[in-house]
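Q: return a 3D structure for these sequence lines:
(chains A and B)
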There are 2 protein chains.
Amino acid sequence: MNDSVYLKERCPVWMEGAAVCLLDQRALPHKTVILRLARYEETVGAIRQMAVRGAVAIGMTGGYAMAQAALTAPENRFWEVVERARAAIGSARPTAKNLTYAVERVHAALKKAPDVPAARRLALLEAQALYRDDARMTRRIAEVGLPLLPKKKAVLTHCNAGWLACPNWGTALAPIYLAHRKGKSVFVYATETRPRGQGAKLTTWELAQEGVSHALLADTAVGHTMAQGEIGLVIVGADRIAANGDTANKIGTYGLAVLARAHRIPFYVAAPSPTFDAECPSGREIPMEERSGEEVLQVSGLNTKGEETSVRVATAGVTTRNPAFDVTPARLIAGFVTERGIVRPTKAAIRRFLNQARRRSTTPPA
Amino acid sequence: MNDSVYLKERCPVWMEGAAVCLLDQRALPHKTVILRLARYEETVGAIRQMAVRGAVAIGMTGGYAMAQAALTAPENRFWEVVERARAAIGSARPTAKNLTYAVERVHAALKKAPDVPAARRLALLEAQALYRDDARMTRRIAEVGLPLLPKKKAVLTHCNAGWLACPNWGTALAPIYLAHRKGKSVFVYATETRPRGQGAKLTTWELAQEGVSHALLADTAVGHTMAQGEIGLVIVGADRIAANGDTANKIGTYGLAVLARAHRIPFYVAAPSPTFDAECPSGREIPMEERSGEEVLQVSGLNTKGEETSVRVATAGVTTRNPAFDVTPARLIAGFVTERGIVRPTKAAIRRFLNQARRRSTTPPA
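A: Purely as a prediction, here's the structure:
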C-alpha cells in the first residue's frame, strides 16, 4: 500500500506488516504526514498525542495496536506482553468508549487461540474485521441520516466527525456526503472548534475534498446564525454515549445543543453502536479529560512564508482551564443516528438497541 | 503627557494639542504601540481598523476626532469640513451607539459658537467633558454592580469590557476591579472571544495588571463550566441597547445569555446611559456589522521567537461567515448595570431611565 491509501480508502489508519500507519491529523490541513509505527508503544504514544482522533478512528488504531502487540511480542513472553499492551492501549485516552471496545474485542479473539502463532493470526483478523465493521456501519449511518437533512436550510456540525474520525463515510458527515453524491444540494456550517480547531482544520479540509459547499464559523457565531434562521439541523459525532443517552463529545457540543433547543432546531448525534456504553449509567460517570492549557494559549497554522508555526494568543502567565469534552444530556438530543436506524435518547430504546447489537455480534466475523 | 498616560489614567485615548493619541489595542498584549494621529481622517481610519474598540472608547475617540476636525479645519472652509467630519466619524463603525452620541454632542456644542475660534474651543471642551462624564460613569457602574458579584462562585465575562473599552473602570469589569480593591475575593473566567480574541488578549492583560485572579476559557468551554456549577454571574458590556432592552454586543454574547438562562445564572449587561438608543425600537433595527472572513482564518500572536505573527488556521479557499455582533433579546437579561442603578430590561424602565438622563444632561458640563 502506498501513502495515498488514506484517500483511496478514506481511512486514516491501516497496517503494513506489523507496522501501524497513521495519517497524522495534527499536520492537516497544511501538510500530509504519514507515521509508520513499528512498536505498539509508539502507537500508544501517537494515540495519546492525538495524531489520530475521533472515537472510531481511535478505536481502530487501538485494535491495530493490539494486533501489532501480538505480531511483535516474543513467543516466550507472549501472554505477558499482550496483557501489558491491553492495559496500556486501553487507557491511552480516557473518554473514547471505542478504544476499550476495540482492544477488548481483539484481546477476546486472540485469547481463544490454542497457541501463539494462531493468536497472532486471530488478532490481526479481528482488527481487520473491526475496520470492515466500522466502514459498513458508516455507510449505514449515511443512509439512516439522509432523510434528516433539511431541504433549504444549512446543517451545522462541530469538531470533525468525517472519515478522518471514522473510516469511509464518517458519522455526522456521512449523511452529508451521501446527499452530495446523490446530487442533492447541501450546505454545511463547520464550527472552528477551539481550542484545537478540528472544524477549521479537518472538517473544512474533508468537505473541500468532496466538493461540499460549506462555510467556517467561529464558535461564538453559532447563536447568531441560528437566530437568523439559517440552520435546519445540528448533527455531531460522539465519544461515548451512556446508557441513558447522555453523550460525551468534543467540548462545545453541549453549548450547541442548548442553543439548538432554544431555536427548536433538531439536534442529532451520529454514532455506531460501539460508541454506546451500557455499563455507564449516565453522563456523570463518563471520565472527562482535562488537557493542557497550552492548547488554549497556542494556536497553530501557516505563517505568511507557508511554514507551520504556533503563536501564543495571550501573555505569558495567563492561566487557563481546558476541558476537552463535555456531556450533552439526553433530553437535548432528538435522536441517535446509528447503523441500525434512529435510536431515541431513552434508557429503554438504547437498551433494546444494544441487545440487538449484542445478538448480532455473537456471529463470528466473516 | 507621556506614553504611559494610558496606564496612569487607565484610558486608551487622549489628545495632545490637535493630535489624537491612541493605545493601539491590536498590538496588545504583546506590545505597546501609541498612535499619534494628526488629522481626523487618520482617526477615522484607526476607528475603522479597530485600533480602538469598545463602545465607550470608540465614542470618546469619535468625540476627540470631532474636536480634532474643529481644531484643524481651515477657517475659510470651517463649517464645510466640520460637517464632512461629522458624517465620516459618525459612520466609521456601524454598531456602536456611543460613536454617534459623542459626535453629535461635540457637534451640538460647537454649533452654538458665534465664530470659528469659539467653535474650536467649545468642541475641545465638550470632547474633554465627554471623557470626564465617561470616567465618572464607570466609577458609578462599579458601585452599582458590586453587590451582584457572587460570594463563592466565579464571574464570567466576554470580550473586553474593561478600561481599554471604557475609561478608568470599564463597564463589566468595573465591579470586579472595585471588589478587588476593597480586598474582596473574586475569580473571573474570561472567554477567548474568537475571532479577534479580545478576551484572551485584552481582558486577561487587564486583569493581570490589576492582579485579579482569573482563567482563560475557550469559547466552547463555557457550557461545561456552567454545568459544573462554577459560575455565579455573567456580566458583559454592550455596543448598543435598544429601547426595549435588546442588546447588541460582541458576537457570542447571545450564546452566553442562552446558556446562562439554561443554568439559571443571572446575566447582566453593564453600560452607561449613552449606550442606550431610545430611537431604536428593538434589536431588529440595530445595524449588524459583518466583517472580513480573514479575521476567522487568521490568528495572530507571538511566535517562538517572540515576534508578533499571524497564522492561517484553515486551508486556502475555505469560506467563512464573520458576523461581528449579535443581539441578546431583553428577556434573557436580568438587568442593566448603569451609572444610576440597575435598570430592568423593559421598555418602561428604560424610558424612565433615559428621561432622567436627559433631564440631567441639560445641566452644562462642569
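Q: where are the low-confidence patches of the stretch 101-250 of chain A?
A: By pLDDT under 70, the stretch 101-250 of chain A contains no weakly predicted segment.
Q: the residue positioned nearest the centre of chain A: what's it in contact with?
A: Taking C-alpha atoms, centre = their mean, the centroid of chain A lies closest to residue A:54, which sits 2.1 Å from it. With contacts defined as C-beta atoms under 8 Å, 6 or more residues apart in numbering or on different chains, the neighbours of residue A:54 are A:160-161, A:164-166, A:237. C-beta: built from backbone N, CA, C; applies to glycine.
Q: now do the residue in the stretch 1-150 of chain A that chain B sits nearest to, the pLDDT please.
A: Among the residues of the stretch 1-150 of chain A, residue A:29 lies closest to chain B, at 4.3 Å counting by C-beta to the nearest C-beta. Residue A:29 is assigned 92 on the pLDDT scale.
Q: tell me if it really is in a strand.
A: No - counting by DSSP: H, G, I helix; E, B strand; the rest coil, residue A:29 falls outside a strand, being coil.
Q: what's across from the residue nearest to residue A:6 when sequence neighbours are not counted in the sheet?
A: Among residues not flanking residue A:6 along the chain, residue A:23 sits closest, at 4.4 Å (C-beta to C-beta, 6 or more residues apart in numbering or on different chains). Applying DSSP bridges to residue A:23 gives these bridge partners: residue A:34.
Q: any idea whether residue A:241 is helix, strand or coil?
A: Assigned with three-state DSSP, residue A:241 falls in the strand class.
Q: residue contacts, it?
A: The contact partners of residue A:241, taken as C-beta under 8 Å, 6+ apart, are A:97, A:247-248, A:269, A:271, A:275-277, A:336, A:350.
Q: repeat that for 6 Å
A: A:247, A:275-276 (C-beta atoms under 6 Å, 6 or more residues apart in numbering or on different chains).
Q: restricted to strands, list those residues.
A: Assignment to strands by DSSP state E places the following of the contacts of residue A:241 there: A:247, A:276.
Q: tell me the buried residues in stretch A:133-153?
A: Residues A:133-135, A:137-138, A:140-142, A:144-146, A:148-149 are the ones in stretch A:133-153 that count as buried (16 or more other C-beta atoms under 10 Å in any protein chain shown).
Q: widest-spaced pair of those residues?
A: A:133 and A:149 (25.1 Å; C-beta to C-beta).
Q: quick check: next helix or strand after the helix or strand containing residue A:63?
A: Assigned by DSSP states H and E, residue A:63 falls within helix A:55-72. Sequence order places helix A:78-90 as the next helix or strand after helix A:55-72, per DSSP H and E.
Q: can you list contacts of that following helix?
A: The contact list for helix A:78-90, computed with C-beta under 6 Å, 6+ apart, reads A:40, A:44, A:62, A:65, A:69-70, A:73, A:100, A:103, A:107, A:116.
Q: angle of it against helix A:55-72?
A: Put simply, helix A:78-90 runs at 160 degrees to helix A:55-72, going by axes from the mean of the first three to the mean of the last three C-alpha atoms, to 10 degrees.
Q: check the offset of the host helix or strand of residue A:134 from the chain's centre.
A: Here residue A:134 is covered by helix A:116-145, with elements defined by DSSP H and E. Counting by C-alpha atoms, centre = their mean, to the nearest Å, helix A:116-145 is centred 15 Å from the centre of its parent chain.
Q: that helix versus helix A:55-72: what angle between them?
A: 170 degrees.
Q: and the stretch 201-350 of chain A, which residues reach chain B?
A: A:204-205, A:215-221, A:223-224, A:251-252, A:254-255, A:258-259, A:262, A:296, A:299, A:301-303, A:309, A:311-315, A:318-321, A:323, A:326 (C-beta under 6 Å from any C-beta of the partner chain).
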